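# Structure of the sequence below:
(chains A, B and C)
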Amino acid sequence: MVLQEESMRKGPWTEQEDFQLVCFVGLFGDRRWDFIAKVSGLKRTGKSCRLRWVNYLHPGLKRGKITPHEERLILDLHSKWGNRWSRIARKLPGRTDNEIKNFWRTHMRKVVKAASHDHVVVSPSSSAQIIEIGEELLDRREEEEDGYSMDDIWRDIDDQSNVINQVCDQSNFECGPMSMSMPPWDYGEYSPWTVVEEENKVFDYGEAVALS
DNA sequence: AACCGCCTCAACCGCAGAAGC
DNA sequence: AGCTTCTGCGGTTGAGGCGGT
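Okay, the predicted model is just below:
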C-alpha cells in the first residue's frame, strides 16, 4: 500500500493522462474513482482522478471569466450559506466549487483593497460588510457592462448539450454507463472521439486497456 | 532586459460522512 | 455494531503568468 502510494504521480496532468481518464470515465461512469484509477493504468489516486474530472474534464464545464451576474449570485449565496462552495456551485451551472472558491479568495482581497482605498475600515471577519461593499462595486461595474443573465447561462448549457448529442448520434459511438459527451475543447491527436469516428466501431474495454 | 511582487488557478491534503461488508 | 473503503468538501499550497519598476 505504501509502495503503491510512493509510485503515484503528482502534479500537473498530461494530455495523455487526460485522454485516458476521459476514456475510462466514458466506459465506467464518474463513480468508483479508485477502480478507474487502477484499471486505467494511470499512476494517480482515485481522488486525483475525480478532481481532474470534476474541475477540468467534465463536459458541462463553462470556461472563461465569472460574469458580473455570476459574481452577484456568488455574493448573494455566500451571504446565505457561507463557505459552502459545492452548494453554491450547484446554483452556477458549469462552474466548479474550486473555481468559485478561488474566485472568492481573489474577490475578498480585491474588495478589502478597494474598501481600504476608499478609507472604509473592514475587518476580514466582517463578511456582511464585505458583501455590501462588493455589491456596491458590482452595481457600479454593471452600469458599465452589458449583463449576462442566468437565462443566458442556461441557454449556453442547452446549446452545448445539443451539439454533444448530435456528435454522439453521428459518430455511432456507444456511450458508457453515464451519458458520455464530447469534451468541451480539443484533445488534438489524443481525442478519443477521433479514434472512434475513424474506426467506426464501438470502443470496448479491451481497447481502452490496450491504449493505456 | 531583469527583477520583483501580485494574481490566478490547478492540484494536493486532511477530514468527515456515506456506503458497503 | 464496528470496521474499512470510497466519496465529497473545504482549506491550503505552489507554479506560472503578468504587469510594474
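# Is stretch A:81-101 in proximity to DNA strand B?
Yes. Counting by Cβ under 7 Å from any atom of the strand, DNA strand B is contacted by stretch A:81-101 at A:Asn98, A:Glu99, A:Lys101. Any C-beta I mention is one placed from the backbone N, CA and C, and that applies to glycine too.
# who in chain A is up against DNA strand C?
A:31-35, A:46-47, A:50, A:83-87, A:97-98, A:101-102, A:105.
# following the helix or strand harbouring A:Glu70, which helix or strand shows up next?
In the assignment (DSSP states H and E), A:Glu70 maps to helix A:68-81. Next in sequence after helix A:68-81, counting helices and strands by DSSP H and E, comes helix A:85-90.
# and that following helix, which residues are buried?
A:Trp85, A:Ile88, A:Ala89 (16 or more other Cβ atoms under 10 Å).
# Of these, just say which sits nearest to DNA strand C.
Closest approach to DNA strand C among the buried residues of helix A:85-90 (Cβ to the nearest atom of the strand): A:Trp85, at 3.6 Å.
# Would you confirm that the closest one contacts A:Phe103?
No. A:Trp85 lies out of contact with A:Phe103 (Cβ atoms under 8 Å); the separation is 9.8 Å.
# Now do the shared contacts for those two.
Shared contacts of A:Trp85 and A:Phe103 (Cβ atoms under 8 Å, 6 or more residues apart in numbering): none.
# tell me the pLDDT at A:Asn55?
If you check A:Asn55, the pLDDT there is 89.
# Now do the contacts for it.
A:Thr96, A:Asn98, A:Glu99.
# neighbours around the last one, how many?
Spelled out, that is A:Glu99. A count of nearby residues for A:Glu99, using other Cβ atoms under 10 Å, gives 19.
# ditto for the second one
For A:Asn98, the count of nearby residues is 15 (other Cβ under 10 Å).
# Same check on the first one?
Applying the criterion other Cβ under 10 Å, we find 19 residues in the vicinity of A:Thr96.
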